[in-house]
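A.B. asks: here is a sequence together with a model predicted from it:
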Amino acid sequence: MSTFRKLSAVFVALGMSVASLSFFSAVPAYAISCAGTPSQISLSTNNASCDYRGWDFTGMSISGVDFSTAYLAGAQFGPNGPTFTTLSSVAFGNNSSHGVNFNHAHITGSTFYLSDMASSDFADTVLTGSTFHFAHLEGSSFINADFTGVTIINSWLGGANLSYSNITQAQLDDAILTPDTICPDTYPLGEHVGNCFSALKAPLPTVTAPVIGSNGFTFDITNNDPDYYTFTVAVTAGPGVATLGTPSGSTLPVNVTNAPPGSQTVVTITGSIGSGASQVVSSTTYNYQEQVASELARTGLNNEEIHSGLLVGASLLVLGMGALVISRRIRTSN
């Protein structure tokens with residue numbers, strides 16, 4: 001072998017040795033394989049891409065652990081009887097870990113960066129000094145959570161429940177909310193005139209055209225939501241008595257009796273949301289004849305045709321019942 005080839009071989013071997021040394025020195029000296037049980041989780045655990053889905057960490061004290069690439073969907077960090085889980089300076093990161101239970105946990109100085117923890121439970125959780133950065137928390141529960149010193153940066157809280165938490169508007173300014181996000185006052189964002197800390201909207205009813213009967217009429221309120229507001233009705237002009245029917249979903253029937261066709265009846269619908277100082281009340285009138293006129297304009301019928309239609313319909317019903325009775329008698333005689 002020539003001197004040039006010998007030197008080349010030496011340099012190649014030396015280069016491989018240096019590269020190998022550099023590679024192994026880049027791996028932390030403490031790195032080991034994934035933990036086999038929750039009790040094995042510690043600073044000496046390399047949790048990269050480890051599958052901890054459904055693991056039970058309740059009652060443990062975990063500090064400085066990096067879960068940023070671990071799978072934690074369905075994991076339990078919630079309470080174990082009177083004992084709560086303590087998480088200090090823990091990193092949660094960029095793997096889909098939906099439905100994690102942190103209920104009553106004490107999480108301090110920890111980071112949720114690029115973490116996808118939608119539909120997780122943070123109810124009654126202490127989050128002191130923690131950071132949510134590009135975190136997906138849609139549909140998660142933060143009921144009565146402690147947000148003291150928490151930083152929120154471009155994080156998604158659509159549909160999350162923040163009821164009774166101490167989160168501030170300054171913290172929410174950099175969060176992405178949706179109308180169904182429940183604000184600290186227990187009402188959805190969409191029921192406020194602005195942000196979560198603004199006044200509640202006065203509930204205005206959406207109504208249908210009247211259905212005319214021989215001694216009154218009915219109509220529906222179609223945006224009923226008894227979880228957040230209530231509607232009451234009363235006749236405030238003309239003849240008649242207004243009562244509410246049995247609600248079905250968002251539909252609330254209104255029945256007005258003793259108001260024959262042509263009555264100048266006006267029903268006042270009162271909406272109420274909130275209580276005490278935050279209560280907001282609305283008042284909307286439902287003018288029977290104006291509603292009839294509007295429906296006539298829409299359908300192209302006139303008042304006489306509507307009432308004639310009612311009489312014809314009743315007559316056809318009577319004739320149909322008579323025909324049914326005659327048919328049965330003929331069959332019996334045969």
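C.D. replies: Cool, got the structure. Residues are numbered from 1 along each chain as shown.

A.B. asks: wait, residue 291 sits on residue 212?
C.D. replies: No - with contacts counted by Cβ atoms under 8 Å, residue 291 stays clear of residue 212, the gap being 10.0 Å. Glycine gets a C-beta too; all of them are placed from N, C-alpha and C.

A.B. asks: once you drop chain neighbours, what's closest to residue 250?
C.D. replies: Setting aside the residues directly before and after it, residue 250 is nearest to residue 224 in space (Cβ to Cβ, 6 or more residues apart in numbering), at 5.2 Å.

A.B. asks: next, count neighbours for that neighbour.
C.D. replies: Counted with other Cβ atoms under 10 Å, the burial measure for residue 224 works out to 22 neighbours.

A.B. asks: same check on residue 229?
C.D. replies: Taking other Cβ under 10 Å as the neighbour definition, residue 229 ends up with a count of 23.

A.B. asks: check what pLDDT it gets.
C.D. replies: According to the model's per-residue confidence, residue 229 sits at a pLDDT of 92.

A.B. asks: what strand or helix carries the spatially closest residue to residue 79 that is not a sequence neighbour?
C.D. replies: Counting by Cβ to Cβ, 6+ apart, the nearest residue to residue 79 once its immediate chain neighbours are dropped is residue 104, at 4.2 Å. Residue 104 is part of no helix or strand when elements are defined by DSSP states H and E.

A.B. asks: OK, contacts around residue 104?
C.D. replies: 78, 79, 84, 85, 123, 124, 125 (Cβ atoms under 8 Å, 6 or more residues apart in numbering).

A.B. asks: before we move on, what about residue 280?
C.D. replies: By Cβ under 8 Å, 6+ apart, the contact list for residue 280 reads 199, 200, 201, 202, 203, 272, 273, 274.

A.B. asks: you'd agree residue 165 is up against residue 147?
C.D. replies: Yes - shown here, residue 165 and residue 147 form a contact pair, counting by Cβ under 8 Å, at 6.0 Å.

A.B. asks: top of the contacts of residue 280 by number of neighbours, please.
C.D. replies: Scoring the contacts of residue 280 on neighbours with other Cβ under 10 Å, the highest-scoring entry is residue 203 at 24 neighbours.

A.B. asks: quick check: that residue vs residue 284, distance?
C.D. replies: Using Cβ to Cβ, to the nearest Å, one gets 9 Å for the distance from residue 203 to residue 284.

A.B. asks: joint contacts of these two?
C.D. replies: residue 271.

A.B. asks: about what we covered before: quick check: the residue nearest to residue 250 touching residue 254?
C.D. replies: No - contact criterion Cβ under 8 Å: residue 224 and residue 254 do not qualify, at 10.5 Å.

A.B. asks: list the residues that contact the residue lying closest to residue 288 once chain neighbours are set aside.
C.D. replies: Leaving aside its chain neighbours, residue 288 sits nearest to residue 265 (4.2 Å; criterion: Cβ to Cβ, 6+ apart). Applying Cβ under 8 Å, 6+ apart, one finds that residue 265 lies in contact with 217, 235, 237, 238, 239, 240, 256, 259, 288, 289.

A.B. asks: need these in CSV with neighbour count, can you?
C.D. replies: Listed next are the contacts of residue 265 as CSV, based on neighbours: other Cβ atoms under 10 Å:
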residue, neighbour count
217, 24
235, 21
237, 14
238, 15
239, 15
240, 22
256, 25
259, 23
288, 26
289, 16
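
A.B. asks: biggest separation within those residues, which pair?
C.D. replies: 217 and 237 (14.6 Å; Cβ to Cβ).

A.B. asks: ok so, going back, most surrounded residue in the contacts of residue 104?
C.D. replies: Neighbour counts for the contacts of residue 104, by other Cβ under 10 Å, peak at residue 125, which reaches 29 neighbours.

A.B. asks: isn't it up against residue 107?
C.D. replies: Yes - applying Cβ under 8 Å, one finds residue 125 in contact with residue 107, separated by 6.2 Å.

A.B. asks: just confirm residue 154 contacts residue 174, I think it does.
C.D. replies: Yes - counting by Cβ under 8 Å, a contact exists between residue 154 and residue 174, whose distance comes to 6.1 Å.

A.B. asks: perfect, that will be all.
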